[in-house]
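*Asks:* sequence and predicted structure below; questions after.
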Amino acid sequence: MVRVGKIVATHGINGSLILSHIVGNAKWLKKGDALMIEVQKGNFIPYFVAQLKANGNDEYLINVEEVEKVEVAKRLISKHVYVDGNILSLLPTDSPLLWIGFNLIDKKVGTVGLIEDVIHTGNQWLAKVMYQNKEALIPLIDQTIEHVNFKAKTVKVTIPDGLLDIYLEA
C-alpha cells in the first residue's frame with residue numbers, strides 16, 4: 001500500500017469528504033477504487049469510492065460507500081489514506097510514491113534501508129528509512145538520485161556528506 005494523503009474535512013451534510021493527496025495528478029482515482037483509511041495506527045479499513053470530483057491536482061471531493069452522514073464522516077478527518085500501488089501504476093515512473101518498499105542504496109555507504117514511506121514537503125520528496133535502528137529522512141531530489149531500478153526495486157542515491165551521521169548522533 002502507498003500513502004497518498006489524508007482526509008482533511010467534511011463537505012455538506014451527506015457524508016462527503018475532502019481528500020487532500022500528494023499524487024499531483026487529478027486523474028488517478030476512479031469510482032469503485034478502494035481507499036484504505038488508517039483509523040488507528042496499523043489498522044486499515046477499506047472504503048470504496050461511490051462518487052468523486054477532482055478539485056485541482058491535489059484534492060478530491062469524495063463520497064464513500066456506507067458513509068452517508070456528516071457525523072460518521074467527521075470520524076475520518078485527519079486519517080491517513082492509502083491505496084494499492086496498482087491504482088497508481090499509470091503515474092509517471094519517476095513518482096517517489098511508487099518507490100515505497102524499494103531498497104535505498106547510497107553510493108558510499110551501500111544499503112541504507114528499505115523505503116518505508118515518502119513524504120512530500122512542498123519542494124521536495126523525502127524517503128523515510130530505518131538506518132541502524134534510527135529513523136532517517138533522505139532527500140529524493142535530482143541532485144541525490146543516481147538511478148531507480150524497478151525490476152530490482154532499488155533507488156541508488158548519493159547522500160550528502162554527514163547527513164547519516166546526524167541520525168546516528170541523535
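*Replies:* Okay, I see it.
*Asks:* longest helix of this protein?
*Replies:* For the chain, the helix with the greatest residue count under DSSP state H is helix 163-169.
*Asks:* what does that one contact?
*Replies:* Here helix 163-169 makes contact (CB atoms under 8 Å, 6 or more residues apart in numbering) with 106, 109, 112, 131-132, 134-136, 138. C-betas here are computed from N, CA, C, even on glycine.
*Asks:* which one (most neighbours) among those residues?
*Replies:* residue 138 (25 neighbours; other CB atoms under 10 Å).
*Asks:* ok, that one - contacts?
*Replies:* 104, 112, 126-127, 129, 144, 157, 159, 163.
*Asks:* of those, grab the buried ones for PyMOL.
*Replies:* Filtering the contacts of residue 138 down to the buried ones (16 or more other CB atoms under 10 Å) takes a single PyMOL command:
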select buried, resi 104+112+126+127+129+144+157+159
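*Asks:* out of the contacts of residue 138, which comes closest to residue 41?
*Replies:* residue 129 (19.1 Å; CB to CB).
*Asks:* what about the closest residue to the closest one other than its chain neighbours, how many residues nearby?
*Replies:* Nearest residue to residue 129, sequence neighbours excluded (CB to CB, 6 or more residues apart in numbering): residue 113, at 3.8 Å. Residues near residue 113, counting by other CB under 10 Å, number 19.
*Asks:* and residue 113, what element?
*Replies:* strand 110-120 (DSSP states H and E).
*Asks:* before we move on, back to that, might you report the residue contacts of the residue nearest to residue 129?
*Replies:* Going by CB under 8 Å, 6+ apart, residue 113 touches 103-104, 129-131, 136.
*Asks:* please apply the same query to residue 81.
*Replies:* Taking CB under 8 Å, 6+ apart, we find residue 81 in contact with 3-7, 19, 21, 35-38.
*Asks:* dump these to JSON lines, plus distance to residue 45, secondary structure and pLDDT.
*Replies:* Below are the contacts of residue 81 laid out as JSON lines (distance: CB to CB, whole Å; DSSP: H, G, I helix; E, B strand; the rest coil; pLDDT from 0 to 100):
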{"residue": "3", "distance to residue 45": "15", "secondary structure": "strand", "pLDDT": "82"}
{"residue": "4", "distance to residue 45": "16", "secondary structure": "strand", "pLDDT": "85"}
{"residue": "5", "distance to residue 45": "16", "secondary structure": "strand", "pLDDT": "87"}
{"residue": "6", "distance to residue 45": "14", "secondary structure": "strand", "pLDDT": "90"}
{"residue": "7", "distance to residue 45": "12", "secondary structure": "strand", "pLDDT": "94"}
{"residue": "19", "distance to residue 45": "15", "secondary structure": "strand", "pLDDT": "95"}
{"residue": "21", "distance to residue 45": "18", "secondary structure": "strand", "pLDDT": "87"}
{"residue": "35", "distance to residue 45": "9", "secondary structure": "strand", "pLDDT": "95"}
{"residue": "36", "distance to residue 45": "7", "secondary structure": "strand", "pLDDT": "94"}
{"residue": "37", "distance to residue 45": "6", "secondary structure": "strand", "pLDDT": "95"}
{"residue": "38", "distance to residue 45": "8", "secondary structure": "strand", "pLDDT": "93"}
